[in-house]
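Colleague: could you work out the structure for the sequence below:
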Amino acid sequence: MKKIMPCLLVGLLAACSNQNTQDVKTQFIDDGQKYPLVILLGGSDGGNALAKPQWQPIFDRLNEAGMSVASLGYFGTDSTSSSAAELSLEEIEKRISSLAKSDKINNKCVAVFGFSKGAELALLLGSHFDAINHVVAVMPSHVSWNAVKTVSAKSSWSLNNKPLNFINAPLLSWQMQKGNVTGEFTPAFKEALASATELEIDQARIPVDKNSGPILLVSAKQDEIWPSYEMANEVMKYLEKQEYNYTYEHIAIDGSHYGFDKKTLEQIKQFLSKHLVAQCQA
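Modeller: Numbering: from 1, shown residues only. Take a look at the predicted model:
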C-alpha cells in the first residue's frame, strides 16, 4: 500500500490528475443487521481516488471488524463541483446522512476517515455536525486552508453560505513553485503559518473541541507535502487546552506523507473497533 499511495494533497498542483469520477463506492455488510458506517475521504486530487482497487484493503479490513464502508468524492466527480473552492460542508454532510439512512447502517454510529485534505474535511465535519461522532484524520491540519487547484485566494469550505476563514498558501508563491522541482512543499505551508497573525490562526482554526466523539490523528514526521506532524500536535494541544471530553490520540509515523501502510491501517482498525464498533454494540 505504501508504494502505491496516490497524490493526496498536492492537488494544489495541476500535475495531479483525476481520472476517477465515481461519486461514491459502498461496501456495506449485508446480513440483516445494522452496522456502523465509516466514510472515506480522499485528498485534494479530487474525484473518488479511494474507490480505486489499490485501496480495497481498507474496505475489507474494516468490514472484517464489523464496519460498513463508503468512499465519497466531494469534488471533481460526476455529481459534484469541478471546483475545489468554497465547498459546502452542509451538502457533504447531507450526502453522508443519506448513506447512513440505509437499513444496513446504524445511523447513530458514523465515522469519517480522511486523508490529507480529506483529513482537514473530516475534522471540520466532526466539528460542525453531531451526527458524525468519530473522526480519523490521516496527515491532518489544525486550520482550514485555501482551495486547492485554485490560483486566486479562496476558502476551501463554506458553512451557512459563508466561506470559512482560512490560511493562504498561494499556488504561485516561490516556495510552492520551488516544490514542483524539489518535491518539498512543506516549507510553503510553514511559511504561510509563520506569516499569519495569531488572530488569523484562531479564526482559521478547526473547532475540534466541538466534536462529539473520539478523534484519532495520524501524521508523518518527515512529511514533504505539508507539516502534518506539527499540525497534528497543534490539534492535540488545543484539545488538551479545551479539556476535551472524549478520547483523542495521535500516531506519528517515521516517514513521509505517503507512509500510510498496513501497520497504520491495523492501528486505525483497532481504534475504530474499540470505540466506534463497541459503542454500537453497547
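
Colleague: what helices or strands is the lengthiest helix in the chain leaning on?
Modeller: Counting by DSSP state H, the longest helix found in the chain is helix 228-241. Under the contact criterion of 3 or more C-beta pairs under 8 Å, 6 or more residues apart in numbering; DSSP states H and E, helix 228-241 touches strand 215-220, strand 248-253. The way it works is simple: take the backbone N, C-alpha and C, and place the C-beta from them, glycine included.

Colleague: so where's the stretch 1-150 of the chain shaky on pLDDT?
Modeller: 1-20 (pLDDT under 70).

Colleague: all helices for it, in order.
Modeller: Secondary structure of the stretch 1-150 of the chain by DSSP state H, counting those that start in this stretch: the helices cover 56-64, 89-100, 117-128.

Colleague: ok, the stretch 151-282 of the chain next?
Modeller: Under the criterion DSSP H, counting those that start in this stretch, helices of the stretch 151-282 of the chain are mapped to 174-182, 186-195, 198-204, 228-241, 262-272, 278-281.

Colleague: and the last one, what's buried?
Modeller: Going by neighbour count (16 or more other C-beta atoms under 10 Å), the buried part of helix 278-281 is 279-280.

Colleague: please apply the same query to the third one.
Modeller: Within helix 198-204, the residues that qualify as buried are 200, 204, counting by 16+ other C-beta under 10 Å.

Colleague: and the contacts of it?
Modeller: Here helix 198-204 makes contact (C-beta atoms under 8 Å, 6 or more residues apart in numbering) with 143-145, 164-167, 193, 196.

Colleague: before we move on, what about stretch 242-250?
Modeller: Here stretch 242-250 makes contact (C-beta under 8 Å, 6+ apart) with 208-209, 211-219, 232-233, 235-236, 239, 271, 275.

Colleague: can we see that at 7 Å?
Modeller: Residues from elsewhere that reach stretch 242-250 (C-beta atoms under 7 Å, 6 or more residues apart in numbering): 209, 213-217, 219, 232, 236, 239, 271, 275.

Colleague: what's the spacing between that stretch and its chain's center?
Modeller: On the basis of C-alpha atoms, centre = their mean, to the nearest Å, stretch 242-250 sits 18 Å off its chain's mean C-alpha point.

Colleague: next: stretch 142-150.
Modeller: Distance, centroid of stretch 142-150 to centroid of chain: 12 Å (C-alpha atoms, centre = their mean).

Colleague: now swap in stretch 165-181 and tell me
Modeller: How far stretch 165-181 lies from its chain's middle: 20 Å, per C-alpha atoms, centre = their mean.

Colleague: buried stuff in that stretch?
Modeller: Judged by neighbour count (16+ other C-beta under 10 Å), stretch 165-181 contains these buried residues: 165-171, 175-176, 179.

Colleague: got JSON lines for the contacts of helix 198-204, with distance to Asp45 too?
Modeller: Output for these, formatted as JSON lines (distance: C-beta to C-beta, whole Å):
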{"residue": "Val143", "distance to Asp45": "21"}
{"residue": "Ser144", "distance to Asp45": "19"}
{"residue": "Trp145", "distance to Asp45": "15"}
{"residue": "Leu164", "distance to Asp45": "21"}
{"residue": "Asn165", "distance to Asp45": "25"}
{"residue": "Phe166", "distance to Asp45": "19"}
{"residue": "Ile167", "distance to Asp45": "21"}
{"residue": "Leu193", "distance to Asp45": "23"}
{"residue": "Ala196", "distance to Asp45": "26"}
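
Colleague: before we move on, back to that, pull the most distant pair out of the buried residues of stretch 165-181.
Modeller: Greatest spatial distance among those (C-beta to C-beta): Asn165 and Gly179, at 24.5 Å.

Colleague: so which of the helices and strands packed on helix 228-241 is the most packed in?
Modeller: Highest mean neighbour count among the helices and strands packed on helix 228-241 (mean count of other C-beta atoms under 10 Å): strand 215-220, with a mean of 25.

Colleague: return that one as PDB; C-alpha atoms alone will do.
Modeller: Listed next in PDB are the C-alpha coordinates belonging to strand 215-220 (Å, rounded to 0.1, in the frame of the first residue of the first chain):
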ATOM      1  CA  ILE A 215     -10.600  11.500  17.400                       C
ATOM      2  CA  LEU A 216      -7.500   9.700  16.000                       C
ATOM      3  CA  LEU A 217      -4.800  11.600  14.200                       C
ATOM      4  CA  VAL A 218      -2.100  10.100  12.100                       C
ATOM      5  CA  SER A 219       0.800  12.200  11.000                       C
ATOM      6  CA  ALA A 220       4.300  11.900   9.300                       C
END
